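A.B. asks: Have a look at this prediction, sequence included:
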Amino acid sequence: MGTSRTRHTTARTATPGSTTGSTTGGTAAARTRATATARAALALAAAGALTLTACSGNGGDGGKSEGSGKESGGTSVQLPKLSGEKIQVAAVWTGPERASFLKVLDEFEKRTGATVSYVPTGDDMAGFIGSKVAGGGPPDIAFPPQVGVLREFARKGWLKPLGPAAKEQLAKNFSPGWRNLGAYNGTEYGVYYKASNKSLVWYNTKAFENAGVAEPKDWAEFLKTAQTIADSGVQPVSVGGADGWTLTDWFENVYLSQAGPEKYDLLAQHKIKWTDPSVTKALTALAQLYGRPGLLTGGNSGALQTQFPTSVTQTFSGGDQPKAAMVSAGDFAATNIAQTKAKVGEDAKVFPFPAVGSRSPVVTGGDAAVALKDTKGAQALLTFLASTDAAKIWAQAGGYISPNKELDKAAYANDTMREIATALIKAGDDFRFDMSDQAPASFGGKPGQGEWKDLQDFLKNPKDIAGTQKKLEQDAAKAYGS
Amino acid sequence: MRTAAHRIDRGTDMNAATAGGPAGPVRPGTGTLRRVKSVAGTRPWVAAAFLLPALVLLGALVVYPIGFSVYRSLFDASGTGFVGLDNYGELFTDERIRIALKNNVIWVVVAPTVATALGLIFAVLTERVRWGTAFKLVVFMPMAISMLAAGIIFRLVYDQDPERGVANAVWVSVHDTFAEPAPYPGAKPRPNAGLTASGGAYTTKQPVRAGDPANLPLVAVQPGDLGEARPATAARPEPGQVTGTVWLDFTRGGGGTPNIIDRSEKGLPGLTVEAVKDGRTVASATTGPDGRFALPAAADGALLRLPASNFAAAYNGVNWLGPALVTPSIIGAYIWMWAGFAMVLIAAGLAGVPRELLEAARVDGANEWQVFRRVTVPLLAPVLVVVLVTLMINVLKIFDLVYIIAPGSSLKDANVLALQLFQSSFGTDVDQGLGSAIAVFLLLLVLPVMYVNLRRLRKERSR
């Protein structure tokens, strides 16, 4: 903990997050002159403009002028100079997601002069970071994709709290629901850079057209639609069962919609048991899908061998004869769809997860950036990630939605993503966070064990509801230690 | 053997000249040291000073970690509460660790044996081939690939989809060469279409009459199977014949009436239709391009059956990475990597086998198999043991291949001790006490193999 560092960041970055128009602009100008470079001055002017618009306009046209302000080359956040600093970032993203994220890092490098290297961690972020911390060389920034993992990191004291500059950005751009998710025991650690809306079903419009069906609204309709598509000769529902988390998402959507948010929270904290009748009901509903022959692409054993990316691409490739018609996946599936010839919004559309109970669920997930080392570079990167600028870069690249409520929706690459993002922001604090992500990693976050494995066994044998519940409860009790 | 002897000579020379080089402390046995001292006249503290760097390194890097692992294995997850041998108890009661243990046994028995056997075969065969060196190079090449890369390669090789996984591509094409695939896999009637299912076949509920056409509607025909099917036409009543149509009762885009031949619906050609009376097939026919069929008068009053052979699911190959086959599959990948290693060592040993012995055996009238079995293999035995033991130690700690190849759904069935050690020890929500216990247990498993190795070395040295 360098006091010098703290002082430094406060001095440098008091500018952008300022909430009171002109006066702050003045002090900031004085400070910038001290480090005077032409670029910083330009950035400052834009920052000032942005602050002003943010104050003046809660209305519709405020957003517009904000957008035009940025187009003239400005930025909404000011970052310190970090020439020669090396920052290591670890996240789970690979493939196109990695490419998009690298664009964000490039922009950061351009603005600060720091060198940022990216390390993909694989599925098992907890294991990766754990071994790095044990070895004494953690990365500067990590993106734990599960809130449970974030809390455990915090509990072990691996995380460094957010600096004042990052906090300011966070306060300006994020709703309390998201900020609380990144906090542990009242201390803010995480910046939710990337969110996902997991209560969606993507579908192949061609397959729907061929079968003559429309978007279903509730579970019964959904099953009927699936059956009709099956009759048309396409195995309708693609499930990426080789990855356990896709199955927990299925369960959570059904459970949240059927049992309601209160029970959902109780189960997430393991205050009711997995042998609860509400779980039986949810698994019974799922078994109507998993257990009826012909509805799953590749059958049950095929689904268990299908990894998530394949489960999406097989739904949207094959032209007139796709292998599957629907896949329940978060907004991030758009990235995988981009790898096929299908176009999001035309060939690939999306409908909300059908209501199993009275209302459609809204289950979200998200990747929070946390600092594992207390360096200037790490704090600057967190500040940047909390800004609208960083959100905008990936939003333009596609396959991304941001919980950043100040982000101009025009930044999204297409209407589908815009809709999903608007729905997420509109849900305010009514969303529920992915349940398995809240659980201890050994139950909800590791391949081949806990909930992932138990639901895979359920997919293999959907008749065994009682056995699945027993196994889930057994594993949960062990992991929660109760 | 020659090399070992040579080392000793050189070692003694060096000891005599410089009172113990780096080779000195590695060799156990104080007897040697004492003798050296008497020869060179070195004082004990000089010997100790020379030994010190090696001892410190060994102590810090080998002895201390082992000691600490043993100590740590007696504590709970937090590292503060003493639990005695509880972690070892859990080792043998936890289901996942039991599976890991079982898999380790399979690995240790199968992988080194097969790799050595293959290496032996390759070595003996390549010795006689003109392009032997080139062949050896190719077999040895996988050794140059990291375990991680090999794992990723084999994950693709074993992919279930024959379009991607080469293993299944080969398997499926061989299978389909011998077994004709069904014309309409997965097709079936609607639940209320008057057909009952029995073991994959579909039979009409009502007997058919000559002169009264039978319509058999099916759905769930995959569009790719339709080929050049023509629009279905309703069969005309023919006196003295049982006629009918089998068609795809699904209008593209929806809107068709169930069980009625709508305008754009297609006939299903190439289907077998059987007439069954009292369980006996009395007549059979194949549908034409527009889905029509005609059965002779003998079929009058029979039930129509669409046999299961029409609808058998397309053969999808072997589930290589499923729970049952995942361990053998990964062992296959391991052998692909390490057979080359075995081959090179054995080939080197083979070069040292005296030709005269082989010649003598041949002159005595032994055939090639007998020469191989009775002369070559016994002469190679020391090398074979070295290869086997090396591979065994290597296999006991196998981790990367399993970690990468096994998909999440069968990770539990592919589990091995080293992987479980990693999963138990690192990450969040882990128990390093249990992890240490697994580590100590692994060490215990390696010890007998090490002992065999050491004893063999010592025997060779004393020769």
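C.D. replies: Nice, I can see it.
A.B. asks: Which stretches in the chain count as strands?
C.D. replies: Using chain A here. A:86-91, A:115-120, A:141-142, A:183-184, A:187-188, A:191-197, A:200-204, A:237-238, A:326-328, A:348-352, A:363-371, A:432-433 (DSSP state E).
A.B. asks: nope, chain B please
C.D. replies: B:195-198, B:201-204, B:214-218, B:242-248, B:272-277, B:280-286, B:292-295, B:303-306.
A.B. asks: if you compare those strands, which one is most tucked away?
C.D. replies: Of the strands of chain B, the one with the most neighbours on average (mean count of other CB atoms under 10 Å in any protein chain shown) is strand B:242-248, at a mean of 26. All C-beta spots, glycine's among them, are computed from the backbone N, C-alpha and C.
A.B. asks: got the angle for that strand vs strand B:272-277?
C.D. replies: Using axes from the mean of the first three to the mean of the last three CA atoms, to 10 degrees, the direction of strand B:242-248 lies 130 degrees away from that of strand B:272-277.
A.B. asks: Which residue lies closest in space to A:S436, excluding its sequence neighbours?
C.D. replies: A:G444 (3.4 Å; CB to CB, 6 or more residues apart in numbering or on different chains).
A.B. asks: on that earlier part again, select, out of the strands of chain A, the one closest to chain B.
C.D. replies: strand A:141-142 (11.9 Å; CB to the nearest CB).
A.B. asks: Is stretch B:188-204 positioned near chain A?
C.D. replies: Yes - using CB under 8 Å from any CB of the partner chain, stretch B:188-204 reaches chain A at B:188, B:190.
A.B. asks: which outside residues touch that stretch?
C.D. replies: A:231, A:294, B:205-206, B:214, B:216-220, B:249, B:258-259, B:276, B:303-308, B:311-312 (CB atoms under 8 Å, 6 or more residues apart in numbering or on different chains).
A.B. asks: Report the contact partners of the residue of the stretch 51-200 of chain B at minimum distance from chain A.
C.D. replies: Residue nearest to chain A within the stretch 51-200 of chain B (CB to the nearest CB): B:Q160, separated by 4.3 Å. Contact analysis of B:Q160 by CB under 8 Å, 6+ apart lists A:298, A:302, A:305-306, B:168, B:316-317, B:319-321.
A.B. asks: How about B:V377?
C.D. replies: Taking CB under 8 Å, 6+ apart as the test, what B:V377 contacts is B:120, B:384.
A.B. asks: Tell me the pLDDT of it.
C.D. replies: Predicted confidence (pLDDT) for B:V377: 91.
A.B. asks: From B:A361, how far out is it?
C.D. replies: Distance, B:V377 to B:A361, by CB to CB, to the nearest Å: 12 Å.
A.B. asks: and the stretch 101-250 of chain B, which residues reach chain A?
C.D. replies: Checking the stretch 101-250 of chain B against chain A by CB under 8 Å from any CB, the hits are B:160-161, B:186, B:188, B:190, B:219-225, B:248, B:250.
A.B. asks: correct me, but the residue nearest to A:S436 touches A:L455?
C.D. replies: No - counting by CB atoms under 8 Å, A:G444 stays clear of A:L455, with 10.5 Å between them.
A.B. asks: Now do the shared contacts for those two.
C.D. replies: Common neighbours of A:G444 and A:L455 (CB under 8 Å, 6+ apart) are A:T248.
A.B. asks: My read is that A:I425 contacts A:E406, right?
C.D. replies: No - using CB under 8 Å, A:I425 is not in contact with A:E406; the gap is 9.8 Å.
A.B. asks: All the helices of the stretch 301-450 of chain A, residue numbers only.
C.D. replies: A:308-316, A:333-337, A:376-385, A:388-397, A:415-426, A:435-438, A:441-444, A:450-460 (DSSP state H, counting those that start in this stretch).
A.B. asks: do the same with the stretch 251-400 of chain B
C.D. replies: Under DSSP H, counting those that start in this stretch, the stretch 251-400 of chain B gives helices at B:326-351, B:355-363, B:368-370, B:377-396, B:400-405.
A.B. asks: Go through the contacts of B:Q160 and name the one nearest A:R151.
C.D. replies: Lowest distance from A:R151 to the contacts of B:Q160 (CB to CB) belongs to A:T306, with 31.0 Å.
A.B. asks: burial measure for the closest one, as a count.
C.D. replies: 27 (other CB atoms under 10 Å in any protein chain shown).
A.B. asks: so who does it touch?
C.D. replies: A:238-242, A:297-298, A:314, B:160.
A.B. asks: where's the dip in pLDDT among these?
C.D. replies: When the contacts of A:T306 are compared, B:Q160 shows the smallest pLDDT, 82.
A.B. asks: which residue does chain B bring closest to chain A?
C.D. replies: For chain B, CB to the nearest CB, closest residue to chain A: B:G254, 1.5 Å.
A.B. asks: Would you confirm that that residue contacts A:G212?
C.D. replies: Yes - judged on CB under 8 Å, B:G254 makes contact with A:G212 at a distance of 1.5 Å.
A.B. asks: What parts of the stretch 351-482 of chain A come near chain B?
C.D. replies: A:440-442, A:446-449, A:452-453, A:456, A:460, A:479.
A.B. asks: what's the spacing between the closest residue to B:L357 other than its chain neighbours and B:W369?
C.D. replies: Distances taken as CB to CB, 6+ apart place B:V375 nearest to B:L357, at 5.8 Å, with adjacent residues excluded. Plainly put, B:V375 is 11 Å away from B:W369 if you go by CB to CB.
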